[in-house]
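Colleague: The sequence isn't on hand, but the structure is:
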């Protein structure tokens, strides 16, 4: 809709490998949609979805989707850790728990800050009850600590927060 061709996309950040986050990376012929992009993911996330442990801790369809979409990226991946700068102004915030290597993103531009919490926080009720565990949080204790960490960071920095699972669109606010 914006007139941007997939071949113009040069950076793809994978916050975690759940189907709703990696499901659109391949076309109908199983080729990369963003064929000229560099891909970024945490090492922990990559290692988990490619491990035997994944089959024990996640539904088969999730593991299959993750592997099918991640495998073609192996030669294009850059592994990132907490506070890694992916591109100027975009840094990783480790928020493990939803998945073993889940990450959020801190973005700065023109003196303003945005925190994209990805799936570290799924519902507004977690602002008051970060210890409540959605069924999709694979490591509940780590997920609860990550919720607290991202809320504290948002409050300390007075950052605008983007939480794409929060209703209503555009899912923006402050903590």
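Modeller: Structure's in. What do you need? Remember, it's a predicted structure, so these values are computed and weren't measured experimentally. Residues are numbered from 1 along each chain as shown.

Colleague: can you give me the offset of stretch 7-17 from its chain's centre?
Modeller: 11 Å (Cα atoms, centre = their mean, to the nearest Å).

Colleague: now the end-to-end length of that stretch.
Modeller: 22 Å (Cα to Cα, to the nearest Å).

Colleague: Quick check: buried residues in it?
Modeller: Buried positions in stretch 7-17, judged by neighbour count with 16 or more other Cβ atoms under 10 Å: 12-17. (C-beta placed from N, C-alpha, C; glycine too.)

Colleague: do stretch 71-88 as well
Modeller: Those buried within stretch 71-88 under the rule 16+ other Cβ under 10 Å are 73, 80, 84, 86.

Colleague: And the contacts of the longest helix along the chain?
Modeller: Longest helix in the chain by number of residues (criterion: DSSP state H): helix 140-157. Identification of contacts with helix 140-157 by Cβ atoms under 8 Å, 6 or more residues apart in numbering yields 93-98, 102, 104, 106, 113, 115, 117, 120-121, 126-127, 130-131, 133, 137, 159, 161, 174-175.

Colleague: Tell me which helix or strand comes right after that helix.
Modeller: strand 160-162 (DSSP states H and E).
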